[in-house]
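# predicted coordinates and the sequence they were generated for:
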Amino acid sequence: MNDRVKIIVDESVLSKVISEFNLKVSKIDEKYLNCYDTFDYRLFNNFLTLYKKDNKFYKRILNSSEEKLVELNQFQDKISYILTPRVLLNSFNLRIETSKYKNTNGTFILNRYEVIKDKNSFIIANEVVAKYSKNIREILKILTKNRINEDIIELAISKIDPNLNYTQKDKPKLNIDEDANIAFKKILKRLLLTIKANENGVKESIDIEFLHDFRVAIRKSRAMLNYSSGALSEDKIIKFKRDLGYIAKITNEARDLDVYLFDVKEYQNKLAKIFQKDIEPLIEILKDRRKTEQDILINHLNSNKYKSILKNWEEFLNTTVIVNMDILTLAKEKLLEIYNIVIKKGKKITDYTKTEDMHKLRIEFKKFRYLLEFFSLILLNSSDKTQKELINEMLKSSKIVQNMLGNFQDLKVQQSKLQEYVKELFYKDENNLNTIMVLGKIFVDLKLKQNKIQNEFYSIFKKFYSKKDEFKELLI
C-alpha cells in the first residue's frame, strides 16, 4: 500500500515510539495559524473553523482535511445568522512545527501542534504523516492503536477552555440528595465564573453579548437568592441581593442603549436606501450616549465598591454550612411556589392589561424560568421518560413566554426613549424633520408590535399552563 496516512497522537505515545525505534529527528519548517471564533465558540459549535495563514483566511469543516480560501467580509456576511451579535476574535494561535523522523527502516513527517493564548502555550497533539510501508509497519501499528480522533481545533479549545462550550459554564452538576446549601452555592459559584469571564469584554466593549451575558448571570444569581431561604442565611440573602442589585443597576442604561442601537440599525437596513440616511442623526445620538455610558460603567467596574462586592460574594460562596435539607426537596418547594405565582398573574393578562402589570409578570416569570433551568438538572436525573419529556416541554414553553414578555418590555422602553430623542433632535436642528418623520413611523411600528404581543400573549401562555396538573404532580 502506498496511501498516505495521518495519525494524531499525544506526546507520551510519540516519546515512546521515538525511544523504542531509535528515531532521529531533523526540523523542516514551522508556521503559525491565527484561529478565529466568537467568545462563545459559535463557529466551533456549528462544526466550522476559521484561521489565517500567510495573510489569507481559510475555512474548514471540523474533522475534514479540506480547507477553502475565503474573503473575510463575505464569509462573515454569509454566516451572520450564526455570529450576530457576536464579533470574530483571534481566539488563539497554533504553532505547527514540522519535522522528519527516521531510522534505518524508514521515515515519516511529524506536525507538532502547540496552542498559544494569553502568553501561555501548550503542546496539544502530534500529527504523523507517512506513506504506509512494511518498513514502518510496527511504528504505525502502535500509533494507530493510540490515535486521537478529535479535530486539532477541538483539542486546542479543550486545552484553553476545559468546558468547551461557554454556555455550559452556568450549569453545574447537582446530585439529587446533595445538601441544599452546597447545591445553591455550586450554582452561584458557576454564575460568578460567568460574571468574571465577561468582565473584560464589558470593559473593552468588544461586542454587546458580553454585557448581556454579564447581566444575565447577575439576574440569575439574584433569582436564586430570592428562593434560597432554607439553604442560605436570611441576613446574607438580604445583603447580597442588595449588592447584586447595585451591579445590575449600573449596567441598565448601557444595555438599553445596546438593544436600541442594534434594533435601530436593523430597522435602518429594512428601509429603502433613499430613507436610510435619515436614521443617521438618531444613530449618532445613541452612539454618543453609549460612549458616555461606557465611561461611567468602566468607572463603576474599576471602583473599590464593585471589587469589594465580588470579593465578599466569592468568600461567602466558598464557605459551607450544612442545613440538613436535600436540594430536591427544596427545589420542588420553591418551584411550586413561584409556579403558582406566575400562573395566577398570567391568567389575568388581557388585551387591556397595563404595561406595568405585564412588566411585573415578566419579573416573576424570569425567576421561575431560572429556577426551572437550574433545578431541571436535578429533575432530569430521573429515569422516567414521561417526566423528562414534561421537564423539557416546560423549559421550551417557558422560554417562549419569557421572550415574549422581554420583547414587550423592550418595546415599551424604546417607545419612551424615542419620544425623548425626537425632542432632542428637534431642538438640536429644526432641519431634522425628515429624521423626525421616520422616527414617528418607527414609534407607530413599535406600538403595533407591542400590541400584537399583548394580543397573542394569552394563547401562548395557555399552552404553557396546559401542563399545570402534570407539573404540579411532579413537584408535590
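On my side now, so go ahead. Residues are numbered from 1 along each chain as shown.
# show me the shaky parts of the stretch 151-300 of the chain.
For the stretch 151-300 of the chain, applying pLDDT under 70 flags the ranges 162-170.
# one more pass at 80, please.
Scanning the stretch 151-300 of the chain for pLDDT under 80 picks out 161-172.
# how about the helices in it?
152-160, 180-204, 208-226, 234-270, 273-276, 280-301 (DSSP state H, counting those that start in this stretch).
# can I get these in a markdown table including distance to Asn431 and mean neighbour count?
Where C-beta positions appear, they are placed from N, C-alpha and C, glycine not excepted. Formatted as a markdown table, these follow (distance: least, C-beta to C-beta, whole Å; neighbours: other C-beta atoms under 10 Å):
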| stretch | distance to Asn431 | mean neighbour count |
| --- | --- | --- |
| helix 152-160 | 53 | 20 |
| helix 180-204 | 37 | 20 |
| helix 208-226 | 31 | 21 |
| helix 234-270 | 20 | 16 |
| helix 273-276 | 16 | 10 |
| helix 280-301 | 10 | 15 |
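# let's have those in TSV, adding distance to Trp313.
Below are those laid out as TSV (distance: least, C-beta to C-beta, whole Å):
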stretch	distance to Trp313
helix 152-160	26
helix 180-204	7
helix 208-226	8
helix 234-270	6
helix 273-276	46
helix 280-301	14
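# Phe184 and Leu232 touch, don't they?
Yes - taking C-beta atoms under 8 Å as the definition, Phe184 is a contact partner of Leu232 at 6.2 Å.
# pLDDT at the residue of the chain most remote from its centre, what is it?
Computed with C-alpha atoms, centre = their mean, the residue of the chain farthest from its C-alpha average is Thr104, at 52.9 Å. Turning to Thr104, the model gives it a pLDDT of 79.
# separation between it and Lys24?
The gap separating Thr104 from Lys24 is 10 Å, by C-beta to C-beta, to the nearest Å.
# nearest residue to Tyr246 other than its sequence neighbours?
Of all residues not flanking Tyr246 in the chain, Ile309 sits nearest, at 7.0 Å (C-beta to C-beta, 6 or more residues apart in numbering).
# check Gln268 too.
Nearest residue to Gln268 in three dimensions, chain neighbours excluded: Ile279, at 4.4 Å (C-beta to C-beta, 6+ apart).
# Val115 too?
In space, Val115 is closest to Ala156, 4.2 Å off (C-beta to C-beta, 6+ apart).
# same thing with Thr107?
Closest residue to Thr107 apart from its sequence neighbours, by C-beta to C-beta, 6+ apart: Lys100 at 5.9 Å.
# so that neighbour sits in a helix?
No - going by DSSP: H, G, I helix; E, B strand; the rest coil, the assignment for Lys100 is strand, not a helix.
# please report how far it lies from Gly106.
Separation of Lys100 from Gly106 (C-beta to C-beta) stands at 11 Å.
# where exactly do the helices run in the stretch 301-450 of the chain?
Counting by DSSP H, counting those that start in this stretch, the helices of the stretch 301-450 of the chain are 304-317, 327-346, 355-379, 385-428, 433-465.
# make JSON lines from the ones you listed and add distance to Leu33 and mean pLDDT to it.
Formatted as JSON lines, these follow (distance: least, C-beta to C-beta, whole Å; pLDDT from 0 to 100):
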{"stretch": "helix 304-317", "distance to Leu33": "36", "mean pLDDT": "98"}
{"stretch": "helix 327-346", "distance to Leu33": "45", "mean pLDDT": "92"}
{"stretch": "helix 355-379", "distance to Leu33": "37", "mean pLDDT": "90"}
{"stretch": "helix 385-428", "distance to Leu33": "37", "mean pLDDT": "90"}
{"stretch": "helix 433-465", "distance to Leu33": "44", "mean pLDDT": "91"}
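# that concludes my questions; thank you for your assistance.
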